[in-house]
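Novice: Fold the following for me, if possible:
(2 chains)
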Amino acid sequence: MAKSMSFIVGVIAVLMLSHAAYSTIQYRALLKITEDEFSGPPFEVVVELALVLILSLFAGLTVPGNFRSILPDSDENRVVSLPSNMNFMIFNHRGKAFPTEADLKLK
Amino acid sequence: MVSKTEESQLQQLENQVENGGGGAWEYLSLVRKLKLRRSDKVLNHGLTILNDPKKRSALGPDEWTLYEQVAIAALDCQSLEVAKDCIKVLQKKFPESKRVGRLEAMLLEAKGSWAEAEKAYSSLLEDNPLDQVISMRRVAMAKARGDILGAIEWLNKYLEIFMADHDAWRELAEIYVSLQMYKQAAFCYEELILSQPMIPLYHLAYADVIYTIGGLENLQTAKKYYASTVELTGGKNTRALFGICLCTSAIAQLTKGRNNEDKEISGLAAAALEKDYKQSSPGKLSLLSSTLRSLKIQ
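Specialist: Numbering: from 1, shown residues only, chains lettered A, B, ... in the order given. The predicted model follows:
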């Protein structure tokens, strides 16, 4: 649910970015008619771009998933036991003295 | 490597499966992924799946992996009939497979016919002299027959070719420890720490071995490795904390208290131990404090 929300935010950010580009093009076309020098995009577009930056950062950080811990002592990274060495497993151990139930059978 | 999260996940699944809550296939997959030895449970629950044609066909190609897993578990539980049937099914499906050939040789091993198993492994090795698993089986076979020195020899030969195989290094270290050849075991653990420096259990095992060898210099090294274990586990390893206490007390005995810089670290370890005991087993707190007092840490 939260993920789809932030995905929508990302889509809105992309739409806003293209809107800002479109407005800048329009603004330049207007400047050509009035024969002014282009010194920078208008203030509204700069504000929109700042908003786009924040929104897309938010979406980019939340959509791909949660952060994983890099601390060696966090629960995901702390190794508490090693795998038993299955390749070196031997079969004549004390378990031999305790036969398993006799009714086990592959049908 | 089994991390803390995976361990608790396994525990939960195991309880669920044991109480008939379903999820047997997930449990078996997790056991396979974590490479654990739970042969009796694998045999029980694996057979239930395999004996139910509906469940079995739902697995798709994973069915054959399950047959292999159950076969090995059955060998470990000495249910040779079940193992034989599983291997027969696999043999029918994959007539030329080396992997099935290995299982057949393992069946011979479990029966105790060593000469025949040896012959089977040799013929498999002839086809592919660099097969790692078969070389490992030879080591295991020597160990199973009680020929520990032979196992060491095979293992050393194997490690000359596959030096990066840390499981084999660990096996060698454990064999050396069982023979009380601590210097050699320490070498193996050094190799393991070099190849996987972020695993606290190797630091801990190395420290144990070095502590057992004894001597002032070794004790100081052991203390350092216990400390690195504490660092890597965030102080959640009780054995490492006890190790620090024991090391500092042994060092103090050897230097007759001339060396005062250890007071701080042993005090910290003791405090961490006390906190831990208070939380998880308050009844044994008095035992802990009497132990620490006898080590002259408190």
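
Novice: Surely residue B:64 is in contact with residue B:90?
Specialist: Yes. Counting by CB atoms under 8 Å, residue B:64 touches residue B:90, with 6.5 Å between them. Yep, even glycine has a C-beta here, placed from its N, CA and C like the rest.

Novice: CA atoms only for stretch B:32-52, dumped as CSV, please.
Specialist: C-alpha atoms of stretch B:32-52 as CSV (Å, rounded to 0.1, in the frame of the first residue of the first chain):
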residue,chain,number,x,y,z
ARG,B,32,18.3,-27.2,2.5
LYS,B,33,19.2,-23.6,2.1
LEU,B,34,20.8,-23.3,5.5
LYS,B,35,22.5,-26.7,5.1
LEU,B,36,21.3,-28.0,8.4
ARG,B,37,21.3,-31.6,9.6
ARG,B,38,17.7,-32.3,10.7
SER,B,39,17.6,-35.8,9.3
ASP,B,40,14.8,-37.2,11.3
LYS,B,41,12.4,-34.3,10.6
VAL,B,42,13.4,-34.2,6.9
LEU,B,43,12.8,-37.9,6.6
ASN,B,44,9.3,-37.7,8.3
HIS,B,45,8.0,-34.7,6.5
GLY,B,46,9.7,-35.3,3.2
LEU,B,47,8.2,-38.8,3.0
THR,B,48,4.7,-37.4,3.8
ILE,B,49,5.1,-35.1,0.7
LEU,B,50,6.6,-37.8,-1.5
ASN,B,51,3.9,-40.4,-0.6
ASP,B,52,1.1,-38.0,-1.5
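
Novice: That one and chain A, any residue contact?
Specialist: Yes. Contact of stretch B:32-52 with chain A (CB under 8 Å from any CB of the partner chain) involves B:34, B:35, B:36, B:37, B:39, B:40, B:43, B:44, B:47, B:50, B:51.

Novice: For the residue nearest the centre of chain A, what is the enclosing helix or strand?
Specialist: With distances taken as CA atoms, centre = their mean, residue A:64 lies nearest the centre of chain A, 1.8 Å away. Assigned by DSSP states H and E, residue A:64 belongs to no helix or strand.

Novice: Could I get the buried residue list for the host helix or strand of residue B:121?
Specialist: Per DSSP H and E, residue B:121 falls inside helix B:114-127. Neighbour counts using 16 or more other CB atoms under 10 Å in any protein chain shown place B:117, B:118, B:120, B:121, B:124 of helix B:114-127 among the buried residues.

Novice: what sits against the fourth one?
Specialist: Residues in contact with residue B:121 (CB atoms under 8 Å, 6 or more residues apart in numbering or on different chains) are B:105, B:134, B:137, B:138, B:141.

Novice: If we check chain A, which of these are in contact?
Specialist: Residues of these in contact with chain A (CB under 8 Å from any CB): B:137, B:141.

Novice: Near residue 94, how many other residues are there?
Specialist: Using chain A. Residues near residue A:94, counting by other CB atoms under 10 Å in any protein chain shown, number 6.

Novice: my bad, chain B
Specialist: 13.

Novice: what does residue B:139 give?
Specialist: Using other CB under 10 Å, residue B:139 has 25 other residues around it.

Novice: got it, and residue B:193?
Specialist: Neighbours of residue B:193 (other CB under 10 Å): 17.

Novice: Got the phi and psi for the residue of the stretch 1-150 of chain B found nearest chain A?
Specialist: Relative to chain A, the nearest point of the stretch 1-150 of chain B is residue B:35 (3.5 Å; CB to the nearest CB). When read as degrees, to the nearest 10, the backbone of residue B:35 gives phi 60, psi 60.

Novice: ok, it - contacts?
Specialist: Residue B:35 makes contact with A:83, A:84, A:86, according to CB under 8 Å, 6+ apart.

Novice: Now the buried members of these.
Specialist: residue A:86.

Novice: quick one: the helices in chain A?
Specialist: Assigned by DSSP state H, the helices in chain A fall at A:2-34, A:43-62.

Novice: thinking again about what came up before, so what's the backbone phi/psi at the residue nearest to the centre of chain A?
Specialist: Residue A:64 adopts backbone torsions of phi -70, psi -10, taken as degrees, to the nearest 10.

Novice: how near is it to residue A:58?
Specialist: Using CB to CB, to the nearest Å, we find residue A:64 at a distance of 12 Å from residue A:58.

Novice: Check residue B:255 too.
Specialist: To residue A:58, residue B:255 is 59 Å away according to CB to CB.

Novice: now do residue B:169
Specialist: Remark: distance between residue B:169 and residue A:58 (CB to CB) = 47 Å.

Novice: who has more neighbours, these two?
Specialist: A direct count of neighbours by other CB under 10 Å for residue B:169 and residue A:58 places residue B:169 higher, at 24 against 14.

Novice: list the buried ones in the host helix or strand of that one?
Specialist: Element membership of residue B:169 [criterion: DSSP H and E] is helix B:166-178. With burial defined by 16+ other CB under 10 Å, the residues of helix B:166-178 counted as buried are B:166, B:167, B:168, B:169, B:170, B:171, B:172, B:173, B:175, B:176, B:177.
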